[in-house]
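Asks: I would like the atomic coordinates for the input below:
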Amino acid sequence: MPEFTAITPDALARLVADRASELTGFAVLAVDGADAADPVSFATAVAELLRAAGRPAEVVALHDFVRPASVRLEFDREDEYTYRTGWFDYAALNREVLKPLRANGRWLPALWNERTDRSARARIRTALPGTILMIAGPMLLGRGLDFDYTVGLRMSEAALHRRTAAESQFTIPALLEQQQLEEPSLRVAWDHRDRPAISRS
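Replies: Here you go, the predicted model:
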């Protein structure tokens, strides 16, 4: 079992910002975590620190790259396998964000509006030199995506059950299984986000 070291939330955000600032050129950092972990908020806090230090940073929410409801809900609205394999469009994230950013500094901030179930109609953006993109959302690791640094906000099964909405409890087995596929660069024990702990082993 890995050993964890306690850290404050602010110090954790600074640590990740420091690691990100060491990356050169256009870089992509994943904040992998269940919706109950609120990875977007953490990624936003890190991005704000990077910007304050003079490094361009943007946040992309995986929920802006969901598949249309007709696809993701085609077979069963509460099937963990469908959630794990068909809910999010990881291929589109790679095609529209990661690859073009590295190739020519251009990226699409959103593909699909989950609330309206329509195209996000987002415009392609041109990144400033040295931009760090923070991709935040569930089950990002183990997908073969080319990230420069990864943070795993890890919650125990009990914590996931406590903090996941009743209508989303079916997602928990998929979340637990997927996080075993690839170890993040920085593993964070996130059951209590006001008292996180870190492990690199």
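Asks: report the separation between I7 and W190.
Replies: Using C-beta to C-beta, to the nearest Å, we find I7 at a distance of 11 Å from W190. Quick note: C-beta positions are derived from backbone N, CA and C, even for glycine.
Asks: quick one: least confident helix or strand in this structure?
Replies: Scoring the helices and strands of the chain by mean pLDDT, DSSP states H and E places helix 69-72 at the bottom, with a mean of 84.
Asks: buried residues in that helix?
Replies: Using 16 or more other C-beta atoms under 10 Å as the test for burial, helix 69-72 gives R72.
Asks: for the spatially most central residue of the chain, helix, strand, or coil?
Replies: Computing the C-alpha centroid of the chain and ranking residues by C-alpha atoms, centre = their mean puts A136 first, at 2.2 Å. With DSSP: H, G, I helix; E, B strand; the rest coil as the basis, A136 sits in strand.
Asks: contacts for the least confident helix or strand of the chain, please.
Replies: 66, 82, 86-87, 117 (C-beta atoms under 8 Å, 6 or more residues apart in numbering).
Asks: distance from it to the middle of the chain?
Replies: Its chain's C-alpha centre and that of helix 69-72 lie 21 Å apart, by C-alpha atoms, centre = their mean, to the nearest Å.
Asks: contacts made by the helix or strand just after it with the rest, please.
Replies: Using DSSP states H and E, the helix or strand that follows helix 69-72 in sequence is helix 80-86. Contacts to helix 80-86, defined as C-beta under 8 Å, 6+ apart, come from residues 67, 71-76, 139, 170-174, 177-178.
Asks: next one: E183 from S41, what distance?
Replies: 23 Å.
Asks: rewinding a little: can I get the least confident helix or strand of the chain in CSV, CA atoms only?
Replies: What follows is helix 69-72, C-alpha atoms only, in CSV (Å, rounded to 0.1, in the frame of the first residue of the first chain):
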residue,chain,number,x,y,z
ALA,A,69,-28.0,11.4,-25.4
SER,A,70,-29.3,9.3,-28.3
VAL,A,71,-25.9,7.5,-28.2
ARG,A,72,-25.0,7.4,-24.5
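Asks: where exactly do the strands run in this protein?
Replies: 5-6, 27-33, 57-61, 106-107, 112-113, 118-119, 125-126, 132-137, 149-154, 186-189, 197-199 (DSSP state E).
Asks: would a markdown table of those with distance to L50 and mean pLDDT be doable?
Replies: Rendered in a markdown table, the data for those read as follows (distance: least, C-beta to C-beta, whole Å; pLDDT from 0 to 100):
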| stretch | distance to L50 | mean pLDDT |
| --- | --- | --- |
| strand 5-6 | 23 | 94 |
| strand 27-33 | 10 | 98 |
| strand 57-61 | 4 | 98 |
| strand 106-107 | 16 | 96 |
| strand 112-113 | 27 | 94 |
| strand 118-119 | 30 | 92 |
| strand 125-126 | 17 | 97 |
| strand 132-137 | 6 | 98 |
| strand 149-154 | 12 | 98 |
| strand 186-189 | 16 | 96 |
| strand 197-199 | 19 | 94 |
